[in-house]
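> Model the following, please.
(one chain, ligands or ions: 1)
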Amino acid sequence: MSALPMTSSSGDFPTDRHGWAELLPERQASLPLRGAHRVAWAVIGAGVTGLACARRLADLHPDREIMLLDARLVGQGASGRNSGFAVAVSHFGGGFEADRLESYRRVNRINQAGLDLLRAQVAESAIDCQWCEEGFLHTAADRLAIRECSHFLRYLEAMEIAHTPLDAQALSARLGTALYQAGVHVHQGALLQPAALVRGLADNLPANVRLHERSPVLRIEKGAPLTLKLPNGDVQTDKLVLAVNHEAAKLGFLRRYLIGSTLSGSFTRALNDEEVASLGCLKEWGLLSLHHGGATVRLTADRRMSLRNAAEYHGGALLSDKLLARRQSIHRAAFEKRFPNLAHVPFEYAWSGVEGISRNSTNFFGRQGDNIFLAGGYNGSGVSRGTAFGTALADYAGGAHSPLIDDCLASAPGAWIPPRPFLDIGAFFTVRSRFRGVGLDR
Ligand SMILES: Cc1cc2nc3c(=O)[nH]c(=O)nc-3n(C[C@H](O)[C@H](O)[C@H](O)COP(=O)(O)OP(=O)(O)OC[C@H]3O[C@@H](n4cnc5c(N)ncnc54)[C@H](O)[C@@H]3O)c2cc1C
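This next block holds a predicted model:
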C-alpha cells in the first residue's frame, strides 16, 4: 500500500490531499476574499452546482458582478472527488412501477439537461477532463444484483432508452474479469476526470464572475442586503445562492434534512501495455454496480484502475489518513477479486469524499428565505443533475419560468432527520443497510 500524505484542516472546512485533483498538475488558485464588498448576486460553493449557477447568472446579468465563494480550493469538494460518471439515465432500483413513469422521466430530463450543458461547456472551453461519452456498463455478480438486472432491463425497455444487454461472456470480453454474470450497456452518459472538469469550469468562467477560493462563509446576516461574514472580510449582496451540498447545515439551512455520507476508493498506478492487453477489448470504461452497495470501477483514459466500494456515516467528514489506509484493504480485496491477473499492480492513491444524502433520496431546489436560494443534495448522483439544478436555480432566482425549473421544483419534500444522538445511530444503520446482500458485487 502506498504511503498517504497528511491531512490538513482549516477550521470547519477540512480538506486533504487525497483526491482526483492530486492526479493533476499544480493550478494557480484564486485569492481568498479580503475586505468589504457589495454585489447584486453571491453564490456560495464552487462545485458543479455553484459553478453552473454562477455561469448562468453571469449570462443573465452581463452588467453585474457575480461573486462566487468557496471555503476550499476548487476540486476539493464532492464535485472533484466523485467517480466521474455524468449520468443521463438514473437507476431507481427495485421493480419497475408503471405509475412512476412520469417521475422517472422527470429525473432523466434533468440529468439529460445537465449532461447537455456540461458537454457544451467542455467543448466551448476545450476543457481537458478525459470526457468520454460512450455510456456506462451496469453489472451484476451476485443474486440480488442479478435480480436487479432484470428490473433494470424492464425499466430501460419501458422508457425506450437505448441499451444493450450483456451476458457473462460479453462482459468478460469487454472488461477482462470473469466476476460479472449479467449486465447492460446504457448508451448515454459521459465519463470524466471530476477534478479536471471543475477546475476547467472554474478557470473558464465568464468575465463578470469573481471567484474567491479558501473563502469560507462563516455566517449569513439576514436583512436587505444580506451580509456574508468571512474570516477576512464581508460581502453585502441583494441575492444569495447556496450551493454548499451537505454543509448547508453549517450555515443554518436544511439542518434536519440533509447529511453527509463518506465514500472512499483507490487508484492503481497507470497500467503498462501488457497489463492493459490482459484486460478486455474496451480501452476505457466505467462500471456501476446493480447493487446499491456494489463497487464502482473504472479504467480511466490515463490507464489507471479506480475502484470505490466503501461508504459510511462519518459525521459528514473526510476520512483521516489512518482510516483511509484501513479502507484501502477493502478496496484492495475487491480489486484482486475482479482482476487476479493484476494482483501485482499497487494502488498509488486513495481518496474519500462526502456526498449529500436525504432520508428519502430527494433533491433540494428553491427558495430558503428572503432572497436566499438553494440547490443540492443529490444522493451520489449530482454531476449532471447538479449542473442542471444550478443552471435552473439562476433562472428561478431571477423570476423566470421554464420546464426545467418545473422539473426541479417537483422534487419531493425532504423527509425529516432526527437530531443527535438518534441521527448518528439512524445514519449509521442507513448507510450500512446499503451493503445488505451485496455479496460478490462489493
Ligand atoms: C466518492 C463520491 C463518488 C461520487 N460519484 C458520483 C458519480 O460518479 N456521478 C455523480 O453524478 N455523482 C457522484 N457523486 C456525487 C456528486 O459528486 C455530488 O452530488 C456533486 O458533486 C455535488 O455537487 P455540489 O456542487 O452540489 O456540491 P460540492 O461539490 O460538494 O460543492 C459544494 C462546495 O461548497 C463549498 N462550501 C460549503 N460550505 C461553504 C461555506 N460555508 N462557505 C464557502 N464554501 C462552502 C465546499 O467547499 C464545496 O466546494 C459522488 C460523490 C462522492 C463523494
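> Show me the helices in the protein, by range?
48-60, 101-124, 143-158, 168-175, 194-203, 273-277, 321-338, 383-397, 403-409, 422-433 (DSSP state H).
> Reformat the ones you listed as CSV; add mean pLDDT and distance to P14.
C-betas here are computed from N, CA, C, even on glycine. Shown next, in CSV, are the helices of the chain (pLDDT from 0 to 100; distance: least, CB to CB, whole Å):
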stretch, mean pLDDT, distance to P14
helix 48-60, 98, 19
helix 101-124, 98, 28
helix 143-158, 97, 34
helix 168-175, 97, 36
helix 194-203, 98, 17
helix 273-277, 96, 35
helix 321-338, 97, 12
helix 383-397, 98, 21
helix 403-409, 98, 30
helix 422-433, 81, 19
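> Would you mind putting those helices into CSV with distance to the ligand and mean neighbour count alongside?
Listed next are the helices of the chain as CSV, based on distance: least, CB to the nearest ligand atom, whole Å; neighbours: other CB atoms under 10 Å:
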stretch, distance to the ligand, mean neighbour count
helix 48-60, 4, 26
helix 101-124, 8, 18
helix 143-158, 17, 18
helix 168-175, 18, 17
helix 194-203, 7, 25
helix 273-277, 22, 12
helix 321-338, 12, 18
helix 383-397, 3, 27
helix 403-409, 13, 17
helix 422-433, 13, 14
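> Which one of the ones you listed lies nearest to R359?
Among those, the nearest to R359 by CB to CB is helix 422-433 (7.5 Å).
> and the helices of the chain as TSV, adding distance to K222?
Converted to TSV, those look like this (distance: least, CB to CB, whole Å):
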stretch	distance to K222
helix 48-60	21
helix 101-124	30
helix 143-158	45
helix 168-175	53
helix 194-203	29
helix 273-277	57
helix 321-338	38
helix 383-397	17
helix 403-409	24
helix 422-433	26
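> Of all the ones you listed, which one is nearest L228?
Minimum separation from L228 across these (CB to CB) falls at helix 48-60, 13.7 Å.
> export that closest one as PDB, just CAs?
The C-alpha trace of helix 48-60 is given here as PDB (Å, rounded to 0.1, in the frame of the first residue of the first chain):
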ATOM      1  CA  VAL A  48     -20.800  21.700 -10.200                       C
ATOM      2  CA  THR A  49     -23.900  23.400  -8.800                       C
ATOM      3  CA  GLY A  50     -22.300  26.700  -7.900                       C
ATOM      4  CA  LEU A  51     -20.200  26.900 -11.000                       C
ATOM      5  CA  ALA A  52     -23.200  26.200 -13.200                       C
ATOM      6  CA  CYS A  53     -25.300  28.800 -11.300                       C
ATOM      7  CA  ALA A  54     -22.600  31.500 -11.400                       C
ATOM      8  CA  ARG A  55     -22.200  30.900 -15.100                       C
ATOM      9  CA  ARG A  56     -25.900  31.300 -15.800                       C
ATOM     10  CA  LEU A  57     -26.200  34.300 -13.600                       C
ATOM     11  CA  ALA A  58     -23.400  36.000 -15.400                       C
ATOM     12  CA  ASP A  59     -25.100  35.400 -18.800                       C
ATOM     13  CA  LEU A  60     -28.400  36.700 -17.400                       C
END
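> What distance separates the opening and closing residues of stretch 249-261?
End-to-end distance for stretch 249-261, by CA to CA, to the nearest Å: 14 Å.
> Contacts for that stretch, please.
12, 44, 217, 219-220, 242, 244-248, 311-317, 354-359, 364, 368, 372, 374, 376-377, 380, 414-419, 423, 427, 431 (CB atoms under 8 Å, 6 or more residues apart in numbering).
> so of those residues, which ones are in strands?
44, 219-220, 242, 311-312, 354-357, 364, 368, 372, 374, 376 (DSSP state E).
> Would you agree F435 is in contact with R442?
Yes - taking contacts as CB atoms under 8 Å, F435 lies within contact range of R442: 6.8 Å.
> circling back: buried ones among the contacts of stretch 249-261?
The neighbour count (16 or more other CB atoms under 10 Å) marks 44, 217, 220, 242, 244-248, 311-314, 316, 354-359, 364, 368, 372, 374, 376-377, 380, 414, 417, 427, 431 as buried among the contacts of stretch 249-261.
> tell me the contacts of the residue in the chain sticking out farthest from the centre?
In terms of distance from the mean C-alpha position of the chain, A224 ranks first, at 33.3 Å (CA atoms, centre = their mean). A224 is in contact with 238, 370-371, counting by CB under 8 Å, 6+ apart.
> Kindly report the same for R385.
By CB under 8 Å, 6+ apart, R385 lies in contact with 87, 107, 110-111, 114, 363, 378.
> Quickly note the distance from the residue lying closest to it once chain neighbours are set aside to the ligand.
Leaving aside its sequence neighbours, R385 sits nearest to Y378 (CB to CB, 6 or more residues apart in numbering; 5.1 Å). To the ligand, Y378 is 4 Å away according to CB to the nearest ligand atom, to the nearest Å.
> can you count the residues close to Y378?
Using other CB atoms under 10 Å, Y378 has 26 neighbouring residues.
> now the nearest residue to R332 once chain neighbours are set aside, which residues is it bridged with?
Nearest non-adjacent residue to R332, counting by CB to CB, 6+ apart: F347, 6.6 Å away. Note on F347: beta-bridge partners T268, judged by DSSP bridges.
> I am finished for the moment; much appreciated.
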